[in-house]
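# Prediction below, plus the sequence it came from.
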Amino acid sequence: MIENGKISLLQFGIAVYMFALGSTALLAPSIIVSIAKQDGWISVIFCMLVIVAFVSLWSRLSKRYPGQSMIQYGERILGTWPGKLVGLIYIWYFLYLSSLVLRNLGDFITTSVLSQTPIQFVHIMFMIPVLYGAYLGLEVIARTGEVLFPWILVIFSVTILLLLKNIDPGQVLPILPDGLLMPLKGVYPLLGFPISELVVFLLVIPFVKGQNKIKKYFNLYFLLAAATGACIVFISISVLGVDVTARSTFSVFDMAKEINVGNFFERVEVLVGGIWMMTIFVKLSICFYAANLATAQLFNLRSYRVTLLPFGMFVLALSILGYKNTAESAWFITTAYPIYSLFHGLVIPALLLMIGKLRRLKG
Amino acid sequence: MFSTYLKGKIKKKKASRGESQEKQDLQPFKEKKLFEDLKRNIETVKTELGHSNDIVIREFRVGGNIQAAALFTDGLSDQVTLSDFVIKGLMHLQDEALSLEQNIGPEKIMQIVKEQLITFGDVQEVSDWEQLFKRMLSGSSILLFDGCDKAISAATKGGEQRGVTEPSTQTVIRGPREAFTESIRINTSLLRRIIKSPKLWLEERTIGEVTQTQVGIMYLKGIANEEIVQEVRDRLDRIQIDAILESGYIEELIQDEIWSPFPTVYNTERPDVTAGGLLEGRVAIIVDGTPFVLLVPVVLNSFLQSAEDYYQRFDLGSFLRLLRFASLFVALLFPSLYVAITTFHQEMLPTSLMLHLSAQREGVPFPPIIEALLMEIVFEVLREAGVRMPSAVGNTISIVGALVIGQAAVEAGIVAPAMVIVVSFTAIANFVIPAISLAIAVRLLRFGLLILSGTLGMFGVAVGLLVLVLHLASIRSFGIPYLSPFAPFMRNQQRDALFRFPQWAMDTRPPFISDDEDLVRQGNNQKPEKPQGDQSRHDGE
């Protein structure tokens, strides 16, 4: 085995939760709100239905081939060469996704906190823990997620509590002025970012203890993340208003700027930014780890660690080339990216499942 | 002059490279038997020990014409015991036992001496030199008889030992006042006095080619996880070293994570803490010559617990634990957060405070990061000086320290007063951590985080913390994840982790440490209930 670690269901669930929030909760609210206006939070709730469908597809696939990752059974189902091709497509996808996530973080840090620091340097600094985490393996990443999770919950709930007096539910009205069309349009970017991205867990699932409950935990924590997302969108609309939310790149961060308790506890958005550091870290390390693991499984390497450094440098370079600025990234997320991402999250897994059924292959 | 000295050193080094030869020198008589001739035996002892003056050789006659000798190390053996119970009896042997038989041989005499004459506990026959030296140098007396190639060793251990005193570390307000001493036997007895169970097993080994230090493994059979006990045995048996002077030697040789500031072995000089560990299924490693006993396996959480958490009521215990966790974060992060906020995130401070701080820093020539590093280093120097100072001048150093770092440095405009507050509060918070080994780790890591915060602000601190958490999550102590029971999360173990639940609620032993066959440690319904029936008679009129 390339990876000997085993993670618990809870760790798996937490990893799903943090991955799903990842960089999405930082970037997506303004994107959704610019599409769906004050009904942005309803879009996120619609997403829950999509999530249930996706999870049932993925868990059916992994249940059919227990103990194997997508790369491994992909090769069995499609035959060696087409299988290897699919594996390569996924490795590229995970690396590309890693670079996008890294760039999200870099943009966030350089625009909001360290405005004079070159983005490359921020990226290099952040890749250090990511490389270290990927080097230490899945078990350690999962445990780290477990340690970070309560902090996210605490900071998040405290932020909401402190924002309560700024919440103006009137901002959300009118609800559904043009019927369901607007919120449904808001679902589109979320299909690719982040829902399809969670296909990466098809590589993680074989290492989870308690395989028969995976679907339950996957659904539960994914939906929990969606609920958190809906909550975030709702609050940022009602605190900042539709216009400001749609225009600010990191609306949650701007929302946290509104916190002011007795003119003493104010401008604590840096602490709130800590949440995104944690979720982005978990997302990025799982993604990056998966890219390395997939490579090792595809090419029968003895250890997934050999590719860490080259891939790390590749991701660093790609993160700079990925797009020019946050505006371009928002445009990318709302137009091409969902299709690109759905191809990996939905089309290939569905094809694998169907072809596997037709060929009557089983794990 | 210097060059000749150097040459001598090099020669010595070269000589020591012939490792196998040196090994032989250290154990000249491994497996070699004693001689029959008494004179030759005595001569060998004398030459082997280089005629050391503290080796006492007392020659006398037994049973008329049989020459005998008693050998012991002055200061290690109890001379009164030896003369009263051994030599006196031997000299009078003639009158009692020997009158029955004539021409009795030395073998027979030895038999009689061993079985009838020596009236106390541990008496053994010794036939090879290695055993003889080992026993003699650990306090036993050796009896040699002419014409016999065996010797009797009688445990006459005595001599001066430090008594049981109050512990100087991990002090408590409520709780036992005993601490371990330097003698392994006293230490095991202190544990036996607490746990009077036949399941408390002790295994002993001798480690250290030269020092021949006794090392004991103590555990509760059936509660300790057998795999962990075996792992401890294996790791101890692997040790090949000249000297074990303190349990720290063992700790460094058996720990899981070498490149980590975090301790993966717990050390304590409190018998009650050790007993508590044993009862949770941990294994104690007791080393002769030090009052610090090692406990394995250990998790990060244990370093933040104090024995007193369990002796005081649970509400106070829980509060103190939370306080310690908070102090851990303060000790680790306070200077870095201060530096990060004053350098990068001034907006986080209330305006009036910000103005105050800027006004204070007006004349200070350094950026906050340099100021903080300077003060931290000065404090570390002061602290180290305080530990090594003779106690007579100890007070002086604290006065000088307080004046120099506090008042004078501020008045001279070298540091801002706020920095003094930050550094001193950090130092105090560091002392809240009950285990010194963890406190040291935190001290070291503080500098790393300080530099990160001075260069990258909160982002740097966050990156540093992520690396730290990853590192902590990767460490194991004897196979146990270091962050249990938090990660991997164990729900019912939270009763004795961040909080201390009431005694009746902590009803199972930690499954990640103990043998998980039987984890129940108390009966059902231990929760005290209000007494039934009419209590009005206590209510007064």
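Cool, got the structure. Numbers count the residues shown, from 1 in each chain, chains lettered A, B, ... in the order given.

# residue ranges of the strands in the chain, please?
Picking chain A for this. A:260-261, A:265-266 (DSSP state E).

# sorry, should have said chain B
B:55-62, B:66-73, B:123-126, B:141-145, B:151-154, B:200-207, B:213-220, B:266-268, B:283-287, B:293-296, B:476-477, B:480-481.

# tell me the contacts of residue 146?
No chain in the question, so chain A it is. Taking Cβ atoms under 8 Å, 6 or more residues apart in numbering or on different chains, we find residue A:146 in contact with A:10, A:11, A:14, B:486, B:487, B:488, B:489. Using the backbone N, CA and C atoms, a C-beta is placed for each residue, glycine as well.

# ah, no, chain B please
When contacts are counted by Cβ under 8 Å, 6+ apart, residue B:146 touches B:36, B:37, B:38, B:39, B:66, B:67, B:68, B:106.

# What's the ChimeraX line that selects buried ones from these?
Per 16 or more other Cβ atoms under 10 Å in any protein chain shown, the buried members of those correspond to this ChimeraX selection:
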select /B:37,38,66,67,68,106
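
# Run through the stretch 401-541 of chain B and note the low-pLDDT ranges.
B:534-541 (pLDDT under 70).

# now the helices: where do they sit in it?
B:409-411, B:417-432, B:436-474 (DSSP state H, counting those that start in this stretch).

# So the nearest residue to residue B:420 once chain neighbours are set aside versus residue B:507, what's the distance?
Once flanking residues are discounted, residue B:420 sits nearest to residue B:406: 5.6 Å by Cβ to Cβ, 6 or more residues apart in numbering or on different chains. Relative to residue B:507, residue B:406 is positioned 50 Å away (Cβ to Cβ, to the nearest Å).

# Could you do residue B:284 as well?
Taking Cβ to Cβ, one finds residue B:284 at 24 Å from residue B:507.

# again with residue A:34
In terms of Cβ to Cβ, residue A:34 sits 55 Å off from residue B:507.

# if you skip the residues just before and after it, what's nearest to the closest residue to chain A within the stretch 151-300 of chain B?
Closest to chain A within the stretch 151-300 of chain B is residue B:300: 10.5 Å, counting by Cβ to the nearest Cβ. The shortest distance from residue B:300 to any non-neighbouring residue, by Cβ to Cβ, 6+ apart, is to residue B:482 (5.3 Å).

# quick one, what contacts the one you found?
Residue B:482 sits next to B:262, B:264, B:299, B:300, B:472, B:473, B:475, B:476 when contact means Cβ under 8 Å, 6+ apart.

# The last one and residue A:148: what is the separation?
Put plainly, it is residue B:476. 20 Å.

# In terms of neighbours, single out the busier of those two.
residue A:148 (24 against 16; other Cβ atoms under 10 Å in any protein chain shown).

# From what I see, that one and residue A:282 are in contact.
Yes - here residue A:148 reaches residue A:282: they are 6.9 Å apart, a contact under Cβ atoms under 8 Å.

# what sits in contact with each of the two?
With Cβ under 8 Å, 6+ apart, residue A:148 and residue A:282 have common neighbours residue A:18.

# Compute the distance between residue A:228 and chain B, please.
Distance from residue A:228 to chain B, counting by Cβ to the nearest Cβ, to the nearest Å: 19 Å.

# Could I get the phi/psi values of the nearest residue to residue B:134 once chain neighbours are set aside?
Among residues not flanking residue B:134 along the chain, residue B:212 sits closest, at 6.0 Å (Cβ to Cβ, 6+ apart). With angles defined as degrees, to the nearest 10, residue B:212 sits at phi 50, psi 50.

# Could I get the pLDDT score of residue B:300?
Residue B:300 is assigned 93 on the pLDDT scale.

# so it touches residue B:472, yeah?
Yes - the criterion here is Cβ under 8 Å, and residue B:300 meets it with residue B:472 at 6.5 Å.

# okay, and the common contacts of the two?
B:262, B:482, B:483.

# tell me the contacts of the first one?
Okay, so that is residue B:262. B:300, B:438, B:441, B:471, B:472, B:475, B:482.

# if you set the cut-off to 10 Å instead, what comes out?
By Cβ atoms under 10 Å, 6 or more residues apart in numbering or on different chains, the contact set of residue B:262 is B:255, B:300, B:303, B:437-438, B:440-442, B:444-445, B:468, B:471-472, B:475, B:477, B:482.

# what's around residue A:358, how many residues?
Residue A:358 has 9 neighbours, counted by other Cβ under 10 Å.
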